[in-house]
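J.: Starting from these lines, generate the structure:
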Amino acid sequence: MDLDFTILRQLTQIFGPSGSEERVAEFIATQLRPYCDELKTDALGNLIVSRHGTGKKIMVAAHMDEIGLMITHIDKEGFLRFTPLGGVGISNLVGRRVKFSRGRVGTIGVEKLEKPSEFKLGKLYLDIGVASREEAEQLLHIGDTAVFVGDFVELEARIISKALDDRVGCFVAMEAFKRTKSTHELAFVFTVQEEIGTRGAQTAAYAIEPDLAIAVDVTATGDTPKAHPMSVELGRGVGIKVLDHSMVTSPQIKRWMASVATDRNIPFQWEVLEYGGTDSGAIHLSRGGVPSGVLSIPTRYVHSPAEILDKQDVEAALELLVALLEGPID
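T.: Numbering: from 1, shown residues only. Just a heads-up that it's a prediction; the model follows:
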C-alpha cells in the first residue's frame with residue numbers, strides 16, 4: 001500500500017490538547033466532508049462523521065487530543081506554574097519547549113534542588129521570556145494550555161513526531177473512511193478528552209448506540225534496550241488488543257479481527273498492555289454494553305515530544321480497518 005503521510009504531518013502539528021481540540025476537528029471535517037452523508041459536532045466537541053448503510057451500525061473512534069499543560073499560577077517575575085493535561089511524565093520535562101495556542105513558546109525550568117528526592121511537579125516552572133507578571137498577563141492567562149514542541153520527521157521507514165498519540169489513529173480512520181466501500185452504517189467519531197478520561201467516547205457511544213465499536217490508537221512497545229517485556233515491536237504489524245487497564249477484549253472480537261487479518265495476509269501482533277486504556281474502554285461499557293476492539297499502532301516513547309512509529313504498521317492498521325468494515329459481521 002502506497003500511503004502518503006502528508007496529512008499525518010499536518011495533523012501532528014495542529015494545536016489540540018485535551019479540551020481544546022477545535023482546530024483538529026476543523027481540519028478533519030474539511031478533509032472528510034466530501035466523503036460523508038452527515039457531519040456534526042456534539043455537545044462535548046466530538047466530531048461525528050457518518051455514512052448511511054444497511055448493515056450493522058459500526059462506531060470507529062480515534063481521539064484528537066494530545067497531552068499538554070495548563071497554567072495554574074503566574075508569579076511576580078512572570079514565571080508560570082502548571083498542571084499536566086493527561087499522562088505527562090515529569091522526570092524528563094526540564095528543558096522541554098512548549099507552545100501555546102496563539103504561538104507563544106516557552107521552556108520548562110526547575111528550581112534549585114538540595115537533593116534528587118525534591119524533584120517534583122511543584123518545583124517546575126515555565127519561562128516564556130518575560131520579566132514580570134504584568135508582561136506575562138498581556139500574553140497568557142490562568143487556564144491557558146500548551147502542547148509540547150516536536151517536529152514531524154519522516155525517515156525511510158519510520159516517523160518521529162509529537163502527538164502521534166493519537167493523530168495517527170485519526171489519520172488511519174480518515175483514510176479508511178475515504179477508501180471503504182462498506183455497506184454498514186458507519187459513525188466515525190474523532191473524540192475529545194481521551195487523555196483525561198475517555199470522556200468524549202463515553203458520551204458519543206451513549207448517543208450513537210452502536211452494534212460494534214473499533215478504536216484506533218497507539219500502544220507501547222517492548223523493543224528498546226532493557227524495555228519492560230512486551231511482545232509488541234515496530235515493523236511487525238498492527239496490534240490487536242487483548243487487554244489493557246480499561247478493558248479485556250472479548251474472544252469473539254479477537255477471533256474476528258485475527259481471522260480477517262490472516263485471510264488478507266495483513267501482519268498483526270497480539271497486544272497485552274499492562275497499563276493505560278483507550279476509547280474502547282469507555283465505549284464497551286455504554287448502555288447495555290457494546291462489543292468493542294482496538295487496532296493498536298506500535299509506538300515508542302509514547303507521551304513524549306518524539307514518539308516513533310513504523311510506516312508499515314500504519315499501513316497494516318489501515319488495511320485491516322478497511323477489511324473489517326467491508327466484511328460480513330455476525
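J.: what about Val147, which SS state?
T.: Following DSSP: H, G, I helix; E, B strand; the rest coil, we place Val147 in the strand state.
J.: what's it in contact with, if anything?
T.: 15-17, 66-69, 98-99, 162-163 (C-beta atoms under 8 Å, 6 or more residues apart in numbering). Every C-beta, even on glycine, is put in place using the N, C-alpha and C of the backbone.
J.: Pop out the phi and psi values for Asp165.
T.: When read as degrees, to the nearest 10, the backbone of Asp165 gives phi -90, psi 100.
J.: Pretty sure it sits against Ser304.
T.: No: with contact defined as C-beta atoms under 8 Å, Asp165 does not reach Ser304; the gap is 9.3 Å.
J.: More neighbours: which of these two?
T.: Per other C-beta atoms under 10 Å, whichever of Asp165 and Ser304 has more neighbours is Asp165, with 28 against 19.
J.: Please give me every residue in contact with the more buried one.
T.: When contacts are counted by C-beta under 8 Å, 6+ apart, Asp165 touches 66-67, 217-218, 299, 302-303, 307.
J.: any idea how far the residue nearest to Asp75 when sequence neighbours are not counted is from Ala43?
T.: Sequence neighbours aside, Arg133 is the residue nearest to Asp75 in space, at 6.6 Å (criterion: C-beta to C-beta, 6 or more residues apart in numbering). Using C-beta to C-beta, to the nearest Å, Arg133 is found at 36 Å from Ala43.
J.: out of these two, which sits in the more crowded spot?
T.: Arg133 (16 against 7).
J.: What ranges does the stretch 1-150 of the chain have for its helices?
T.: 6-12, 22-32, 133-137 (DSSP state H, counting those that start in this stretch).
J.: repeat for the stretch 151-300 of the chain
T.: Assigned by DSSP H, counting those that start in this stretch, the helices in the stretch 151-300 of the chain fall at 164-179, 199-208, 251-263, 279-283.
J.: got the contact list for Met174?
T.: Met174 sits in contact with 7, 28, 31-32, where contact means C-beta under 8 Å, 6+ apart.
J.: for the nearest residue to Gln252 once chain neighbours are set aside, what are its contacts?
T.: Leaving aside its chain neighbours, Gln252 sits nearest to Pro291 (6.9 Å; criterion: C-beta to C-beta, 6+ apart). Pro291 is in contact with 211-213, 250, 252-253, 284, counting by C-beta under 8 Å, 6+ apart.
J.: go again using 7 Å as the cut-off
T.: Counting by C-beta atoms under 7 Å, 6 or more residues apart in numbering, Pro291 touches 212, 250, 252-253.
J.: Which of these sits closest to Leu39?
T.: Nearest to Leu39 among the contacts of Pro291 is Leu212, at 21.2 Å by C-beta to C-beta.
J.: so that closest one sits right up against Val60, yeah?
T.: No: with contact defined as C-beta atoms under 7 Å, Leu212 does not reach Val60; the gap is 9.6 Å.
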